[in-house]
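Chemist: Just the structure for this:
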Amino acid sequence: MTRDIPVLAPGELNLITDVPGVLVGQASDEHIKSGTTVITAESPFVASVDVMGGAPGTRETDCLEPHRLVSHVDAIVLCGGSAPGLDAASGVADALRSAGRGYAVGPVRVPIVPSAIIFDLLNGGDSGWTSNPYRDLGVQALHAAAREFQLGTAGAGEGATTANIKGGVGSASLRLPDGRMVGALAVANPNGSAVDQESGRFHAATMEFEREFGGLGTVAHINPAALPRNEKLAAYERLLGGSSAGNGGHELPGGNTTLVVVATDAPLGKAALKRLAVASQDGFARALYPSHTPIDGDIVFALSTSDPTIGHDIPVAEQLLLGHAAALCVARAIARGVYAATPCDRDTLPTWSQRYGEAS
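Modeler: Got it, this is the predicted structure:
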């Protein structure tokens, strides 16, 4: 006797916005090589969060824990710029408040905008600004919110890098057998590598659909005794005309973190979304080598666009499938972001296509 195996397939756009109601807006500044990505929806949504990286930079994430009062949020902001980048959420909150969005406290509206940042200050961009540019980038990104958006070098992934090549914004989706959607958006800026550094094949290759990141096949072998070569700091020093002789390209700079948002239209409450965020972290481990390091701020936000008080509780078996699908989407989104990166002036590292494209 054989059991039916659930069949999963990407949605129409293969983006997080295949989840009904979800919108994504992005804004970038090529001069500073940084930007902002805003995930919002047509109405406030339920959300939770899970942080596994050792060096996170966040704002308003405590309110997403299941035992906290806040039930719905208005947007999630992902941004470059390290700690100063958190100001992008202030711009988004101001714009939402002007539009009449936010938690109602009598006549006052208080938008709830959790956010997280990556470190992208050593990527060749101008980090010497004196007036914080991220508030305006947040406003621009919110106003650009739509179903379709650019992958690769865009938004919060404008200046993202991996261990040896550029990173970027990626996204992927899956439709479950019951018609519900799961999608993920990732800003891939890890300390680790998304590819085998010799062949350029993606660690997430076993989860790929329809050559969405090249169809190159799986990595033949990983040497478990050796970390991938990290070239971020050495590449930045070369750009400045300095030397990194002696470190062998293994220096571990602080320029890391992968940020993820997972979305579904399944009616999950905050506790179930917390569990979904935890399950989604598996996608990091499948796509990045290594992942969840002490110098990464790896984080997953999980959101639902459906009211969890409507309808029946979702059985545990269905929640298990949601978590599995979400982890697959996360791994694919990370790979797609790296694969789609494009070259820009003053890059410190090459793109995937520049380093590996001809060989593939």
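Chemist: buried stuff in the one helix or strand in the chain whose mean pLDDT sits lowest?
Modeler: Least confident helix or strand of the chain, by mean pLDDT, DSSP states H and E, is helix 232-239 with a mean of 83. Neighbour-count burial for helix 232-239 flags 232, 233, 234, 235, 236, 237 (criterion: 16 or more other C-beta atoms under 10 Å). Every C-beta, even on glycine, is put in place using the N, C-alpha and C of the backbone.
Chemist: just stretch 303-323 next, same as before
Modeler: 303, 304, 305, 306, 308, 314, 318, 319, 321, 322, 323.
Chemist: mind checking the backbone torsions on the first one?
Modeler: Backbone torsions of residue 303, given as degrees, to the nearest 10, read phi -140, psi 150.
Chemist: Now it: closest residue in space that isn't a chain neighbour?
Modeler: residue 47 (4.2 Å; C-beta to C-beta, 6 or more residues apart in numbering).
Chemist: Would you agree the one you found is in contact with residue 73?
Modeler: Yes - with contact defined as C-beta atoms under 8 Å, residue 47 counts as touching residue 73 (5.1 Å).
Chemist: Find residues that contact each of these two.
Modeler: Counting by C-beta atoms under 8 Å, 6 or more residues apart in numbering, the shared contacts of residue 47 and residue 73 are 64, 114, 303.
Chemist: Just the closest of those to residue 330, please.
Modeler: Comparing those against residue 330 with C-beta to C-beta picks out residue 303 as the nearest, at 13.8 Å.
Chemist: got a list of what that closest one touches?
Modeler: By C-beta under 8 Å, 6+ apart, the neighbours of residue 303 are 22, 39, 41, 45-47, 73, 76, 261-264, 273.
Chemist: what do you get if the cut-off is 7 Å, keeping everything else the same?
Modeler: Going by C-beta atoms under 7 Å, 6 or more residues apart in numbering, residue 303 touches 45, 46, 47, 261, 263, 273.
Chemist: now swap in residue 55 and tell me
Modeler: Contacts of residue 55 by C-beta under 7 Å, 6+ apart are 294, 295, 296, 297.
Chemist: coming back round to it: residue 47 and residue 73: which is more packed in?
Modeler: residue 47 (31 against 24; other C-beta atoms under 10 Å).
Chemist: picking that back up, which pair of the buried residues of helix 232-239 spans the longest distance?
Modeler: 232 and 237 (9.8 Å).
Chemist: May I have the helix or strand harbouring residue 183 as CSV, with CA atoms only?
Modeler: Residue 183 belongs to strand 181-188 when assigned by DSSP states H and E. Extracted C-alpha coordinates of strand 181-188, given in CSV (Å, rounded to 0.1, in the frame of the first residue of the first chain):
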residue,chain,number,x,y,z
MET,A,181,0.3,29.5,-0.1
VAL,A,182,3.7,29.8,1.6
GLY,A,183,6.3,32.2,0.5
ALA,A,184,9.7,33.5,1.7
LEU,A,185,11.8,36.6,1.1
ALA,A,186,15.5,36.6,2.0
VAL,A,187,18.2,39.2,2.2
ALA,A,188,21.3,37.0,1.8
